[in-house]
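Colleague: after the sequence you'll find the predicted model.
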Amino acid sequence: MASPVLMPQRPFPLRAGMLRQQVQLQQRSGIAGGGFNDPQPTWTAVATVWALVQAMIGDDIHVGPAVTGKRKVRVRMRYYAGFDTSWRIVYGTRIFTPAAVIDPDERHVQMDVLCWEGTP
C-alpha cells in the first residue's frame, strides 16, 4: 500500500476578515528639490490594498546626543507583482520602509513585508 501524500501546511494562512487595514503602496517617482541643496524623493500611489499591520518590536537608536525611535512592523497582504524594497507603504499618517518582502509559500498568493516605521 502506498503511503499517502501529505500536503504542506501554508505557513501564514490568509483567512477571510484577517486583512482589516487599508494601506497604500507607493513607488518612488523622482527627486524634488527640498531646499538648501537637500533633494527629497517624490512618491506616486500605485495601489490601495487591504492588509494586516502588526507591530513586532521597537528599538531606540542613539545617534550622537539624539535618540531616534524606530519600530519593526509586519504588513501582511495579498501578493502584488513588482512590489519590492524600493517602494513604501503608507497607512494613514504612518510611513513604513520595507526591509524584506517575503512570499511565504512562493505561490504568489500573499506577501509578508517586514518594514521599519520611523527612521530606518
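Modeller: Looks like it arrived, so ask away. Numbers count the residues shown, from 1 in each chain.
Colleague: show me where this protein has its strands.
Modeller: 21-33, 39-63, 66-78, 88-91, 94-102, 110-118 (DSSP state E).
Colleague: so can I have CSV of those strands showing mean pLDDT, mean neighbour count and distance to residue 14?
Modeller: Using the backbone N, CA and C atoms, a C-beta is placed for each residue, glycine as well. What follows is the strands of the chain, written out as CSV (pLDDT from 0 to 100; neighbours: other CB atoms under 10 Å; distance: least, CB to CB, whole Å):
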stretch, mean pLDDT, mean neighbour count, distance to residue 14
strand 21-33, 90, 14, 14
strand 39-63, 82, 12, 9
strand 66-78, 81, 16, 7
strand 88-91, 96, 18, 17
strand 94-102, 95, 16, 14
strand 110-118, 91, 20, 5
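Colleague: so which of these comes closest to residue 15?
Modeller: strand 39-63 (10.0 Å; CB to CB).
Colleague: give me the contact list for the closest one.
Modeller: 18-34, 67-78, 80, 87-91, 114, 119 (CB atoms under 8 Å, 6 or more residues apart in numbering).
Colleague: try it again at 6 Å.
Modeller: With CB atoms under 6 Å, 6 or more residues apart in numbering as the test, strand 39-63 has contacts from 18-19, 21-32, 34, 67-77, 91.
Colleague: isn't residue 23 up against residue 91?
Modeller: Yes: counting by CB atoms under 6 Å, residue 23 does reach residue 91; the two are 4.7 Å apart.
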